[in-house]
Structures are given as structure tokens and as C-alpha cells.
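1. 3D model of this:
(2 chains)
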Amino acid sequence: MLQPWTKQKPRTLTEVEKATYEWQTWLPGFGVPGQELLKGATVLISRLGGLGSPVAFELAAAGVGKLILAHAGDLKPSDLNRQILMDHDGLGKSRVEAAKRKLLALNPRMEIEAVAANLSQENATELVGAADLVVDCAPLFQERFAMHDAAFRMGKPVVECAMFALEANLTVVVPGQTPCLRCRIPEIPTHWKREFPVFGAVSGTVGCLAAMEAIKLLSGLGNPLLGRLLSLDLMDMSTTTLDLLPRADCALCRTIPS
Amino acid sequence: MKIKIEFLAQAKLAAGRSSLSLDMAEGCTVAAAIHAATVGNGALQELLLTEDGKIHPWVLVAMDLQSLADPNHQVLNADVTLRLMPPISGG
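-> Model prediction:
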């Protein structure tokens, strides 16, 4: 069933696409109509690091029509334990261009807009405005706020994922229907450090789950994590799902007319 | 009354453990329990509490499976599990 946040128009599949996505279109509740909605969709992925790489790869494999990839900078050796769209030949070269090549090798039918810049207050409106859905994989909370604020103003859903050590979080923010990012994190956390311990298998796990949430949101499949936060601990393979409450004094949510 | 505190992400690292059981007085607040859990551990206290003893606004505090909108003033229930989750991000 289509949800209020499904705004994109379905696009008819070619015979090659019908053959490519045959196994997933067998899924009840998804089928060819779900695949056509994926083909009609544009997804913005903010950064292609440990989280964004598997998100982009799985969305390309699933047949999303267009990805906007935003990531500045060149590849460093310490990126290679988790940034699975990159390889050793790409060291010192643009991350976003390496990612585009890898994704088009997997899915040459899709469109990719590679933006060699990170999300910021300056470009968030343009980049978020061009997408039907945003997947937040950014490392800095300044980027996350810029992205979520723009998505909130434009009524766009955001799949938000995060990781630390062997732990990971995943939730879905839909403006007006769920608590927003600023309900949970009203200001920049002073303790957060840009570099932290993590395995690629952890970011890969939550990245794949985030891609599945994006597919569900775009196609109307299943029950996305609206207002719920999935917390994974791969150290003991435990999972907890928390119900999130809005913050009464949230500066962003208060901007919605009652 | 008995309660359990679970530390997540950086809080687990700072605590050096994933959980802790505490015996708290009835009617005390969540903030008081967190203060009790951080006594003697400056790094954990700094991560979770402000200098004036309030919970940092960005720390997600859940009582059992429900996040708390105002954990500084929330009164503890008996036998609950408090989950303390400083924000994490990507990279």
C-alpha cells in the first residue's frame, strides 16, 4: 500500500529490467508495481563511507532509478576496511567518482549524480530537494542537522543510520509523523569524535538494513522503523527496538503549524 | 528498589561494562540514578552529565523500551532497565 511519503511516479520496466529484478518482484506486496516505484525514485545518500557504500550498492542492485551521491575528498588507506565501493587503485583519488564507476558496473541502467561535496547548510536545500528520500550516513552532526532540517522543511523522509564499535542504530524520520533528529539530538554533541573504532562488517550490516528501509519507504512494503530506533550490538548479537518520543520544546518540530 | 542500567556505545566504553544493577530509593529521578552510576568514573560522568549534574540533552535515555522526553525530571519506576545511549554517527 502506498504511503503519504511516496511521491515519485512509477516508471515502466524494460524486458531487461524485468529479468534482472525477477527474484524480488516475486515478493508478495512488492511485485512489478513496487519495482516500477523503485525505478521512478531518486535517493540522496550523504557520504559513501562505511554506511553509505553498502546503502548505495544495495539500492543500485535493487534497481532504484537515480542516486545522488554526496561525498567530498579522496580515498585514504584507513577508509578501505569499510568503504566497500572503493579499492586500492583508487587511493588518493576521488571517492565519489570511484563509487560511481563501481555502481554503474553493477547497474548500467541507473542514473548517478556524483557530487564531490559534503552536505552543508549551503547545498542541503538543492540536494535534498532533488531527491524523494534521503539516507543519512554522514559522520558529522553539522551535516546531519543540515540534511534533516532541509528534509523536514520539504517533507522528505530520512533513513538515519549510525555506528560505533560493534554497535549500530537505525531509524526512519518522516516529518510530521515521527520525532525528528533534533527531538533526540537538539544540539551538536561535544563528545563526538570524527574517528572511532569500527569494523566494516558492522557498517555493512546496518547499511544493508538502511537500504531495506529505503526500499520499503519507496515501495510501500512492510512497516518501516517510523518513530522507532533499532539498536544492534553485534558483540552479543542482541537487538533492542526503542519507541522514540517527540521533545516538547523541539525547535524544529515547533515550526509545524498545529 | 532495584533497577538496571545498560550502557550503550561510548558509554559502554567509558563504563568498562555493558550494565550495572543499582539499589535506588523510591521516588528518585532518572538523573539521580545516572549520577549514582557514574560516581568514581569521571569519563563516564562527563559523557552523560553536565557540570551542574543534568543529563546532556543529546543522551538518549530509555526506560525499558520507551525513550524519555524529559529524563532529568522523570521519576524512576521499580525493576526498570534504563538504557543510556550517547549519539553515534557515520564514517
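2. all helices for chain A, in order.
-> A:15-20, A:22-25, A:31-39, A:52-62, A:95-106, A:124-129, A:141-154, A:181-184, A:200-219 (DSSP state H).
3. please enumerate residues in contact with the longest helix seen in chain B?
-> When chain B is parsed with DSSP H, its longest helix is helix B:30-38. Outside helix B:30-38, the residues within contact range by C-beta atoms under 8 Å, 6 or more residues apart in numbering or on different chains are B:3, B:5, B:15, B:20, B:22, B:24, B:44-45, B:48-49, B:53-55, B:61, B:63, B:68, B:71-76, B:82, B:84. Every C-beta, even on glycine, is put in place using the N, C-alpha and C of the backbone.
4. near chain A too, which of these?
-> Contacts with chain A within the contacts of helix B:30-38, counted by C-beta under 8 Å from any C-beta of the partner chain: residue B:68.
5. for ChimeraX, write the select line for the buried members of the contacts of helix B:30-38.
-> If you want just the buried ones from the contacts of helix B:30-38 in ChimeraX, going by 16 or more other C-beta atoms under 10 Å in any protein chain shown, the selection is:
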select /B:3,5,15,20,22,24,44,45,48,49,55,61,63,68,71,72,74,76,82,84
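6. out of the contacts of helix B:30-38, which are inside helices?
-> Counting by DSSP H, the contacts of helix B:30-38 place B:15, B:44, B:45, B:48 in helices.
7. any weak-confidence spans in the stretch 101-250 of chain A?
-> Applying pLDDT under 70 to the stretch 101-250 of chain A flags no residue at all.
8. what's the end-to-end length of stretch A:20-32?
-> In terms of C-alpha to C-alpha, to the nearest Å, the two terminal residues of stretch A:20-32 are separated by 12 Å.
9. if you count neighbours, what's buried in that stretch?
-> Within stretch A:20-32, the residues scored as buried using 16+ other C-beta under 10 Å are A:20, A:21, A:24, A:25, A:30.
10. now do the contacts for the nearest residue to residue A:142 once chain neighbours are set aside.
-> Closest residue to residue A:142 apart from its sequence neighbours, by C-beta to C-beta, 6 or more residues apart in numbering or on different chains: residue A:188 at 6.7 Å. Taking C-beta under 8 Å, 6+ apart, we find residue A:188 in contact with A:141, A:142, A:145.
11. now list the buried members of these.
-> Of these, these count as buried by 16+ other C-beta under 10 Å: A:141, A:145.
12. got a markdown table for the contacts of residue A:188, with distance to residue A:4 too?
-> Below are these laid out as a markdown table (distance: C-beta to C-beta, whole Å):
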| residue | distance to residue A:4 |
| --- | --- |
| A:141 | 28 |
| A:142 | 29 |
| A:145 | 24 |
